[in-house]
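K.L.:
Output the structure for:
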Amino acid sequence: MKQRLKHLWMLNKDRKAYQAGFALPFVLAFSALFLFLLSHQLVYFVTKSTFYAEVNQRYELDYLLQKGVRDLQADVQTNNFSQESNGVLTYDSGTVKYQILRQTEDSVTIQVRCATKEERQLIHTITFQRESGKVIAWV
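P.N.:
Residues are numbered from 1 along each chain as shown. Take a look at the predicted model:
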């Protein structure tokens, strides 16, 4: 019986020896995979939030441009411009600077510079029809 117990103890000792190197590599591999997935999600979140911030600023700039063009259309219809005049329209989200480049009897060409508070800028050259105030050309 003593011999049998000694034999079982030796088998058990050998099994422990084989299992001693299994847990550490498994934990290291699992940790590396977890850290990779965590860093991937972090980079994805930062990229996505940066993209949405850029899109939001672009929408603000386009909205500012549309407000400026709407006000300039009203001024073109009422002929509130002197020859080669410049002006600034100020809004909550930024400013619209305009410069009259060319005036004819039936049209006015204006360069519009929009700038948001975040220092984003957009420049367009717009040609308006005098009578209706409609946009003829947009560059």
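
K.L.:
Residues contacting stretch 98-105, please?
P.N.:
Stretch 98-105 is contacted from outside by 68, 72, 81, 83-89, 108-113, 125, 130, using C-beta atoms under 8 Å, 6 or more residues apart in numbering. Backbone N, C-alpha and C define where each C-beta goes, glycine included.

K.L.:
Sketch out the low-pLDDT regions of this protein for me.
P.N.:
Filtered on pLDDT under 70, the chain yields the residue ranges 1-20, 80-84.

K.L.:
Could you rerun that using 90?
P.N.:
When residues are selected by pLDDT under 90, those of the chain lie in 1-26, 69-88, 93, 98-110, 117-120, 127-139.

K.L.:
Find the residue closest to residue 113 in space, skipping its chain neighbours.
P.N.:
Leaving out its chain neighbours, the residue that sits closest to residue 113 by C-beta to C-beta, 6 or more residues apart in numbering is residue 97, at 4.5 Å.

K.L.:
Following element in sequence after the host helix or strand of the one you found, please.
P.N.:
Element membership of residue 97 [criterion: DSSP states H and E] is strand 94-103. Remark: after strand 94-103, the chain's next helix or strand is strand 107-116, criterion DSSP H and E.

K.L.:
now that next one against strand 94-103, angle please.
P.N.:
Interaxial angle, strand 107-116 versus strand 94-103 (axes from the mean of the first three to the mean of the last three C-alpha atoms, to 10 degrees): 160 degrees.
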